[in-house]
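J.: show me how the following folds:
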Amino acid sequence: MPLRFPGWSLLLLLWACQPPSPPIEKQVEATAETQPVRATTGLDAADDPAIFVHPQDPAGSLIIGTNKKAGLSVYNLEGKELFFTPAGDVNNVDLRSGILLPDSSRVTWVASSERRTNRILVHRLDPATGELTEISGKRLQTDLLEIYGLCMYRSPVTDSLYVFVNGKSGRIQQWTLHPDGANEVSGTMVREIQVASQPEGMVADDDLAFLYVGEEDSGVWRFAAEPDGSKQGQYLPMTGRDNPYIRFDVEGLALYLGPGNSGYLLVSSQGNNSYAVYERADSNRYLGSFTLRDAHIDSTEDTDGIDVTACALPPPFEKGLFVAQDGYNKDPEGRAQPQNFKLVPWSAIAAQFDPPLLETGQKCGAENLQ
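T.: Model (predicted):
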């Protein structure tokens, strides 16, 4: 991601290598935002969100956001911080629900990448309070020199749970996770794949067994997600310089899951503050891009991480919710604030496309959450 204060000459040089992006006409407004992260205004701190959909009480759904200078925050759907844990320099975060423990109980695990120690952290989420309890085992120490992006994956073949984590050198590791009782999780690295330059954003499709990797200055790659799958990735057309609406860095990736193979892959194009939408299956055809505009809640700029869910939540998120990190947060008077995360109804995004995008708004239980 670009440097905030030093290095502007390098940033301008990198931008000059790409032709200007056409204006993006599809614009939507955020309807809510989280409280600013615990950081000084102007500090690059917030990074990546993950959405927890409560399987019994959609109104109790939560947003977990990383603060790469301090730890993890948990917010409700109004954006109020409910819980904070000083987990370290946490960069990316993902979660899976309905994980079966030896005592037959089911829990939600939240995995994150910790940059200070190059470890994978795992927390157990209390859905009633938003409290996070660390359960990371000693064997979740990677040998990556600069740990960065992360996502989780549940195999449709074996129901095994995995976490993918990458480093700035382009190395991507796949770890299998399993519970050691109720209060500890351990893991083993089972595969390593490689991209040519620095990656970060990743997302895994639990149904189709795909891993998507954003190579920041190149585009998006699709790999087989099973541990015995090919290490050869497939580059997705229209995710890089062949698409005038993509301006590097490619950052966050997220999946809007529809029935069967339907749905969408969303990609954050940081260089022009936009979000690209691709078909989920087959050739991942590019459908268009949208931005968040200034309204009663300010627009987003310089977005790092994103997440989206197709699950039905309370209004105005009946058809799903999109969450984006904001690199330059402002209050209603236009004054700079610490970074935060913006919340957008999926229906507002879907209506901007012609034909309109799919609006699932499905009721989600733990068995079909990812």
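J.: so who does the residue nearest to Arg280 when sequence neighbours are not counted touch?
T.: Among residues not flanking Arg280 along the chain, Gly263 sits closest, at 4.0 Å (C-beta to C-beta, 6 or more residues apart in numbering). In this view, the C-beta of every residue, glycine as well, is placed from N, C-alpha and C. Taking C-beta atoms under 8 Å, 6 or more residues apart in numbering, we find Gly263 in contact with 255-257, 280-281, 310, 358, 360.
J.: try 6 Å
T.: Contact analysis of Gly263 by C-beta atoms under 6 Å, 6 or more residues apart in numbering lists 256-257, 280.
J.: what is the nearest of those residues to Asp89?
T.: Tyr256 (29.6 Å; C-beta to C-beta).
J.: bridged to that closest one, which residues?
T.: With DSSP bridges applied, Tyr256 shows beta-bridge pairing to Tyr264.
J.: and it, how far from Leu266?
T.: 7 Å (C-beta to C-beta, to the nearest Å).
J.: tell me the helix or strand right after the one helix or strand in the chain whose mean pLDDT sits lowest.
T.: Least confident helix or strand of the chain, by mean pLDDT, DSSP states H and E, is helix 8-16 with a mean of 46. Heading C-terminal from helix 8-16, the first helix or strand you meet, by DSSP states H and E, is strand 27-28.
J.: what packs against the helix or strand following that next one?
T.: Sequence order places strand 32-33 as the next helix or strand after strand 27-28, per DSSP H and E. Strand 32-33 makes packing contacts with strand 340-345 when contacts are defined by 3 or more C-beta pairs under 6 Å, 6 or more residues apart in numbering; DSSP states H and E.
J.: what about the helix or strand following the strand it packs on, distance to the chain center?
T.: Using DSSP H and E, the helix or strand that follows strand 340-345 in sequence is helix 346-350. Here the centre of helix 346-350 is set off from its chain's centre by 18 Å, with C-alpha atoms, centre = their mean, to the nearest Å.
J.: ok, stretch 179-195 next?
T.: Counting by C-alpha atoms, centre = their mean, stretch 179-195 is centred 20 Å from the centre of its parent chain.
J.: how long is that stretch end to end?
T.: 30 Å (C-alpha to C-alpha, to the nearest Å).
J.: mind listing what's buried in that stretch?
T.: By neighbour count on 16 or more other C-beta atoms under 10 Å, the buried set for stretch 179-195 is 179, 185-187, 189, 191, 193, 195.
J.: okay, now the unreliable bits of the stretch 1-150 of the chain?
T.: The stretch 1-150 of the chain contains residues with pLDDT under 70 at 1-18.
J.: quick one: the strands in it?
T.: Along the stretch 1-150 of the chain, counting by DSSP state E, counting those that start in this stretch, strands occupy 27-28, 32-33, 46-52, 62-67, 71-75, 81-85, 90-100, 106-114, 119-125, 132-134, 147-154.
J.: on that earlier part again, give me the pLDDT for the residue nearest to Arg280.
T.: Here the pLDDT value assigned to Gly263 is 98.
J.: how far away is it from Val163?
T.: Taken as C-beta to C-beta, the span from Gly263 to Val163 is 22 Å.
J.: do Leu132 as well
T.: Computed as C-beta to C-beta, the Leu132 to Val163 distance reads 16 Å.
J.: then Ile120?
T.: If you go by C-beta to C-beta, the gap between Ile120 and Val163 works out to 6 Å.
J.: show me what counts as buried in stretch 121-136.
T.: 121-125, 127, 130, 132, 134-136.
J.: my read is Ser169 is in a helix, agree?
T.: No - applying DSSP: H, G, I helix; E, B strand; the rest coil, one finds Ser169 to be coil, outside a helix.
J.: for it, what are phi and psi?
T.: Phi and psi for Ser169, reported as degrees, to the nearest 10, are phi -80, psi -10.
J.: what's the separation between it and Gly149?
T.: Taking C-beta to C-beta, one finds Ser169 at 12 Å from Gly149.
J.: compare the two (neighbour count), which wins?
T.: Regarding Ser169 and Gly149, a neighbour count based on other C-beta atoms under 10 Å identifies Gly149 as having more, with 29 against 15.
J.: spit out the contact partners of that one.
T.: Counted by C-beta under 6 Å, 6+ apart, Gly149 has contacts 92, 166, 199-202.
J.: any idea how far Ser160 is from the nearest residue to it once chain neighbours are set aside?
T.: Nearest residue to Gly149, sequence neighbours excluded (C-beta to C-beta, 6+ apart): Glu200, at 4.1 Å. In this view, Glu200 and Ser160 are 25 Å apart by C-beta to C-beta.
J.: what about the two, which has more around it?
T.: Per other C-beta under 10 Å, whichever of Glu200 and Ser160 has more neighbours is Glu200, with 28 against 14.
J.: that older thread, any idea which element the residue nearest to Gly149 lies in?
T.: strand 199-205.
J.: the very next helix or strand once past that strand - which strands sit beside it in the sheet, and in what orientation?
T.: Counting by DSSP H and E, the next helix or strand C-terminal to strand 199-205 is strand 210-215. According to DSSP bridges, strand 210-215 forms sheet pairs with strand 199-205 (antiparallel), strand 219-224 (antiparallel).
J.: show me what counts as buried in the first one.
T.: Put plainly, it is strand 199-205. So strand 199-205, judged by 16+ other C-beta under 10 Å, has buried residues 199-205.
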